[in-house]
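> sequence and predicted structure below; questions after.
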Amino acid sequence: MLTAARLGATALAGLLLAATAASPASADTPAPSPAAPPAALYGKGDPTYDGVWRQSLALTALASAKATPADSAIAWLTAQQCADGGWPSYRAADAACDPKTEDSNATAVAVQALTALGGHQDAVAKGVAWLRATQNADGTWAYNPGSPGDANSTGLAVSALTAAHVDPAGVARAGRSAWDGLAGLQLGCAAPAADRGAFAYQPAPDDTLAANNLATSQAALAAAGGALPVTTTDRTDAAPAAPACPAGGTATAVPHADSAEAASAHLVARLAADGQHLMLTTPGADPAPDYNATSWAVLSLVRAGHPHQAAPAADWLAGNGYAWAAKGKDGTDASATATLLLVAQAANLDPYNFGGTNLVQLLMDAGPAVKAVPSAAASAASANPNGTEAPGSGITDGEDNGGFSPIWLVGVGLLVGIGGGLLISLNRRRQAAAAAQAQAPAPAPKDDEQP
């Protein structure tokens, strides 16, 4: 959805292009997707690696926004579940289930989505049974069963158990519970002070742990006893406490009771250090903002009872997340949009005007038509007292569109007017010069030229 700011910027950019371009530029045409998404799926991109993931997030976010998803969208998700209870990342309608393609991440978010929707207890119970059966001996979960566990997958699995009202302490293999699995991946007092409380993705070959932003953000939600969608009534202005490490202490494990606080303290410090967002560091590439990790950090901090500390990052996402959600190579990214919608609701921001973007409408437009949308009053109650916009409405209030003001609009109008006047003036001069040239007598030929 274009806000007034984006419309103004678009008009100005169009003016500059008109003044300088010799011919109109053609739009880039995205390459066809290797696998065409079914009509019931949210998002237009190739679903091979994220079909269940993005559908689950979209359904969870819409349900939390009091929108009723289409039956076809829910049926598609339940049909993806295999007989043993697990979900693959995606399988075509005519493809048989292959246990090797089932993954804990897809299963975990599907369980949370169906729990949020309600009325799917059998599918949820089978998903929980699959998670129990695929837990590693150290209490962790791997993306695909049989591999070493990681903090992201373990955190998502624990959140799924929490959503299904299953105590993670009672889910164990070889005497190691789900909480033990998380604890083994969290950095304690033996780590440098700046890394304490963080989670590692996986142990290094020498069993050392390195802090990882996304792993910390997703595992911290589980450590705080949270699941999607994130809600909490335990709110405090106090900053989270870093692990208490006595002088000379070398304890490698953070006690479960302190795990969420320790992770929250690390996240708050990292967000502050990087301008209220987390960074994505890809080997060989320049560091870039990590919208996904930042979003999960906000969710985790809110769940841990620290919405005050989460607010600056939520505001950063509101001001910068539009391109992430809506400007992918296949258009709207359903997973990103749904994640931002969950962030807006958790952070008590208006999802109908999240930095000028109507996230609810953006997500609804990315998939099958919903059965029912919330009224303006219901949407306000589900977001915050000022959230009076409804699906389909535009955002025009200058005070609520990411800092865009009517004064800036006047400035853009003046620039457009001035630019338009210059174009008209230049055009008239070209026409006058062309007319004068046409009326001038032809020059006499030179001695060595033919008449």
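Thanks, I have it. Numbering: from 1, shown residues only.

> tell me how far residue 213 lies from residue 146.
Shown here: residue 213 relative to residue 146, a distance of 27 Å by C-beta to C-beta, to the nearest Å. (C-beta placed from N, C-alpha, C; glycine too.)

> what packs against the helix or strand hosting residue 111?
For residue 111, the element it lies in under DSSP states H and E is helix 104-117. Packing contacts for helix 104-117, counted by 3 or more C-beta pairs under 8 Å, 6 or more residues apart in numbering; DSSP states H and E, involve helix 51-64, helix 71-80, helix 121-133, helix 151-163.

> can you tell me which helices and strands the shortest one packs against?
Think helix 71-80. helix 51-64, helix 104-117.

> I'd like those written out as TSV, with mean neighbour count added.
Supplementary listing: those in TSV, determined by neighbours: other C-beta atoms under 10 Å:
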stretch	mean neighbour count
helix 51-64	27
helix 104-117	27
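
> of all those, which one is nearest residue 338?
helix 51-64 (3.9 Å; C-beta to C-beta).

> quick one: low-confidence residue ranges for the stretch 201-350 of the chain.
Along the stretch 201-350 of the chain, the model assigns pLDDT under 70 to residues 248-252.

> tell me what angle the helix holding residue 111 forms with helix 121-133.
Interaxial angle, helix 104-117 versus helix 121-133 (axes from the mean of the first three to the mean of the last three C-alpha atoms, to 10 degrees): 150 degrees.

> check the offset of helix 104-117 from the chain's centre.
In this view, helix 104-117 has its centroid 16 Å away from the chain centroid, taken as C-alpha atoms, centre = their mean, to the nearest Å.

> same check on stretch 100-110?
Worked out by C-alpha atoms, centre = their mean, stretch 100-110 lies 18 Å from the chain centre.

> do stretch 222-229 as well
On C-alpha atoms, centre = their mean, the centre of stretch 222-229 falls 17 Å from that of its chain.

> what is the end-to-end distance of it?
Chord length of stretch 222-229, first to last residue, is 12 Å (C-alpha to C-alpha, to the nearest Å).

> list the contacts of that stretch.
57, 60-61, 63-64, 109, 112-113, 115-116, 154-160, 162-163, 168, 182, 186, 221, 232, 256, 259-260, 263-264, 299-300, 303-305, 342, 345-346 (C-beta atoms under 8 Å, 6 or more residues apart in numbering).

> show me the contacts for the residue lying closest to residue 267 once chain neighbours are set aside.
Nearest non-adjacent residue to residue 267, counting by C-beta to C-beta, 6 or more residues apart in numbering: residue 297, 4.8 Å away. Listed by C-beta under 8 Å, 6+ apart, the contact partners of residue 297 are 213, 216, 217, 220, 267, 270, 271, 278, 310, 313.

> any idea how far whichever strand or helix holds the fourth one is from the chain center?
Counting by DSSP H and E, the element that carries residue 220 is helix 213-223. Using C-alpha atoms, centre = their mean, the mean C-alpha position of helix 213-223 is found 14 Å from that of the whole chain.

> got the angle between it and helix 104-117?
Relative orientation of helix 213-223 versus helix 104-117 (the same axes, to 10 degrees): 40 degrees.

> could the helices and strands packed on helix 104-117 go into CSV alongside distance to residue 238?
Below are those laid out as CSV (distance: least, C-beta to C-beta, whole Å):
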stretch, distance to residue 238
helix 51-64, 27
helix 71-80, 39
helix 121-133, 34
helix 151-163, 24
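
> how about these, which one is nearest residue 204?
Across the helices and strands packed on helix 104-117, closest to residue 204 is helix 151-163 (C-beta to C-beta), at 13.3 Å.

> now that closest one: average pLDDT?
Helix 151-163 carries an average pLDDT of 98.

> isn't there a helix covering residue 336?
Yes - the assignment for residue 336 by DSSP: H, G, I helix; E, B strand; the rest coil puts it in a helix.

> residue contacts, it?
291, 292, 321, 324, 325, 328.

> returning to what we had before: can you redo the helices and strands packed on helix 71-80 as CSV with distance to residue 198 and mean pLDDT?
Shown next, in CSV, are these (distance: least, C-beta to C-beta, whole Å; pLDDT from 0 to 100):
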stretch, distance to residue 198, mean pLDDT
helix 51-64, 24, 98
helix 104-117, 20, 98
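
> related to what we said a few turns ago, could you dump the helix or strand following the helix holding residue 220 to CSV, C-alpha only?
Using DSSP H and E, the helix or strand that follows helix 213-223 towards the C-terminus is helix 256-273. In CSV, the C-alpha atoms belonging to helix 256-273 read as follows (Å, rounded to 0.1, in the frame of the first residue of the first chain):
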residue,chain,number,x,y,z
HIS,A,256,16.2,-22.1,33.3
ALA,A,257,14.7,-19.5,35.7
ASP,A,258,17.2,-16.9,34.5
SER,A,259,17.3,-17.9,30.8
ALA,A,260,14.8,-15.5,29.4
GLU,A,261,16.1,-12.5,31.4
ALA,A,262,19.7,-13.3,30.3
ALA,A,263,18.7,-13.6,26.6
SER,A,264,16.6,-10.4,26.8
ALA,A,265,19.6,-8.5,28.3
HIS,A,266,21.8,-9.6,25.4
LEU,A,267,19.1,-8.7,22.8
VAL,A,268,18.6,-5.2,24.3
ALA,A,269,22.4,-4.6,24.2
ARG,A,270,22.7,-5.8,20.6
LEU,A,271,19.7,-3.8,19.4
ALA,A,272,21.1,-0.6,21.0
ALA,A,273,24.6,-1.2,19.5
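
> and helix 256-273, how far out from the chain middle?
Here the centre of mass of C-alpha atoms in helix 256-273, compared against the chain's by C-alpha atoms, centre = their mean, lies 20 Å away.

> just checking, what packs against it?
Checking 3+ C-beta pairs under 8 Å, 6+ apart, helix 256-273 ends up next to helix 178-183, helix 213-223, helix 291-303, helix 307-320.
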